[in-house]
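1. structure for the following, please:
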Amino acid sequence: MLLKKLLLPTLAMLFVFILGWYFFSPKNLKPNDIQILNGEQSAEKRVPAQIGIFPLTPAENLDPEKVVFGRDLFYDRRLSKDGSISCSECHDLQHGGADGRTFSHGIRNIAGRTNTPTVFNSALNFRQFWDGRAETLYDQIEGPINSPSELASNWSDIIYRLNLDPQTVERFNKIYHRKISADGIKNALVEFQKSLITLNAPFDLYLKGDLMAISENQLRGYKKFTSFGCVACHQGRNIGGNMFQAVGIAADYFKDRGGEYPSDLGRYNVTRSEADRHVFKVPSLRNVALTAPYFHDGSAKTLEDAVRKMAKYQLGRQLAPQDVSELVDFLGTLTGEMPDSIKPQQRSISSEK
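-> Residues are numbered from 1 along each chain as shown. Sure, this is the predicted structure:
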């Protein structure tokens with residue numbers, strides 16, 4: 001298993017080196033161009049079936065009423081046990097969908113154990129949470145609702161509180177044609193999160209043929225992102241979020257950091273398989289310039305620091321300052337437009353309740 005963990009990323013990077021220049025021209029980027037280890041797309045695999053970055057497309061088949069209702073619930077503090085916080089406290093939609101902290105703080109200011117991932121484009125992830133314990137956005141909602149370090153609530157109390165508000169009861173009945181339920185609340189929250197697609201990032205425009213959308217320096221960063229092997233893990237529509245990978249392939253990240261904590265076990269905490277020790281879902285790099293600090297432990301405070309550490313511990317490279325600068329410049333081109341659905345002008349469920 002250890003040999004497999006070491007060989008698969010290396011093989012993926014070898015493919016990148018050989019085929020990397022193929023991807024530099026936007027006209028050559030087709031979703032089915034490259035197949036690696038065909039069929040290994042399941043949650044337990046380390047290498048994705050495709051290498052390449054593809055532009056985002058708008059979310060489809062959304063129910064507008066559910067999106068608005070889900071957004072209102074996203075801001076509703078009645079979902080927390082003591083009414084002190086909402087989903088938006090940890091996932092600030094005005095600041096990249098995260099909160100800028102090493103670890104988020106839930107009710108009574110209790111700190112969590114892992115860095116908060118962004119909710120933007122989360123519908124494109126193949127699993128949810130750093131350890132991938134939830135298969136879908138719908139399943140993921142149970143985590144923050146019940147976690148003692150997040151909302152620390154339960155569905156009975158939430159439904160009771162929402163039923164005290166005639167307007168909420170009326171809206172729920174209009175949309176779902178039944179009484180307020182956990183299933184309906186989760187459905188609305190999922191519909192809202194599915195709308196959080198950040199389109200028209202400069203690099204997406206470049207991929208679509210606008211060669212002036214990024215600078216020469218950013219293009220050099222993109223070429224290094226590919227030739228160095230970063231794209232072996234960060235690719236696809238979400239530029240990550242579609243595979244698991246071990247942390248510390250090329251050097252012992254946890255030893256150098258000063259020790260190991262339970263949350264560092266990653267996927268092992270879900271499967272109890274030694275092969276999954278220190279294995280995490282690869283995060284999306286979309287809007288990454290907005291979501292510092294970085295990594296599951298929030299230990300990289302800047303994007304420059306994150307780039308250097310990833311090069312060292314995942315690729316076995318010591319980067320020159322110019323390399324870091326160009327890579328960071330490229331990563332800045334992955335910031336997209338904030339979706340219209342985050343605008344709160346139609347909100348009617350008070351976040352102050």
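2. OK, contacts around residue 85?
-> Counting by C-beta atoms under 8 Å, 6 or more residues apart in numbering, residue 85 touches 77, 106-107, 151. The way it works is simple: take the backbone N, C-alpha and C, and place the C-beta from them, glycine included.
3. swap that for residue 323, sorry
-> Counted by C-beta under 8 Å, 6+ apart, residue 323 has contacts 224, 228, 311.
4. which pLDDT value goes with it?
-> With respect to pLDDT, residue 323 has a value of 98.
5. now residue 104
-> Note on residue 104: pLDDT of 88.
6. check residue 45 too.
-> Note on residue 45: pLDDT of 36.
7. break this structure into its domains for me.
-> Here the domain parsing of the chain from automatic domain parsing is 2-52+200-334, 64-197+339-346.
8. reformat those domains as CSV; add distance to residue 58.
-> Formatted as CSV, the domains of the chain follow (distance: least, C-beta to C-beta, whole Å):
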stretch, distance to residue 58
domain 2-52+200-334, 10
domain 64-197+339-346, 6
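9. next one: residue 54 from residue 207, what distance?
-> 7 Å (C-beta to C-beta, to the nearest Å).
10. helices along the chain, start to end?
-> For the chain, the helices defined by DSSP state H cover 2-19, 64-74, 87-90, 137-140, 142-146, 155-163, 166-176, 182-194, 202-207, 216-227, 253-257, 268-271, 303-310, 321-331.
11. pretty sure residue 218 sits against residue 329.
-> Yes. Using C-beta atoms under 8 Å, residue 218 is in contact with residue 329, at 4.9 Å.
12. pLDDT weak spots in the stretch 201-350 of the chain?
-> 344-350 (pLDDT under 70).
13. how does it look with 50?
-> 345-350 (pLDDT under 50).
14. out of the contacts of residue 85, who has the most neighbours?
-> Neighbour tally across those (other C-beta atoms under 10 Å): the maximum, 27 neighbours, falls on residue 151.
15. give me the distance between residue 165 and residue 63.
-> According to C-beta to C-beta, residue 165 and residue 63 sit 21 Å apart.
16. which residues are in contact with residue 144?
-> So residue 144 contacts 87, 90, 150-151 (C-beta under 8 Å, 6+ apart).
17. go with 6 Å
-> 150-151 (C-beta atoms under 6 Å, 6 or more residues apart in numbering).
18. separation between it and residue 180?
-> 19 Å.
19. can you check residue 213 too?
-> For residue 213 relative to residue 180 (C-beta to C-beta), the value is 46 Å.
20. which of the two has more residues huddled nearby?
-> Between residue 213 and residue 180, residue 180 has the larger neighbour count (other C-beta under 10 Å), namely 21 against 18.
21. residues contacting the more buried one?
-> By C-beta under 6 Å, 6+ apart, the neighbours of residue 180 are 159, 162-163, 172.
22. can you check the pLDDT for it?
-> Taking residue 180 on its own, its pLDDT is 98.
23. now it: phi and psi?
-> phi -60, psi 130 (degrees, to the nearest 10).
24. one step back: out of the helices of the chain, nearest to residue 288?
-> helix 321-331 (5.4 Å; C-beta to C-beta).
25. how about residue 196, nearest residue that isn't a chain neighbour?
-> Spatial nearest neighbour of residue 196, chain neighbours left out: residue 120 (5.0 Å); criterion: C-beta to C-beta, 6 or more residues apart in numbering.
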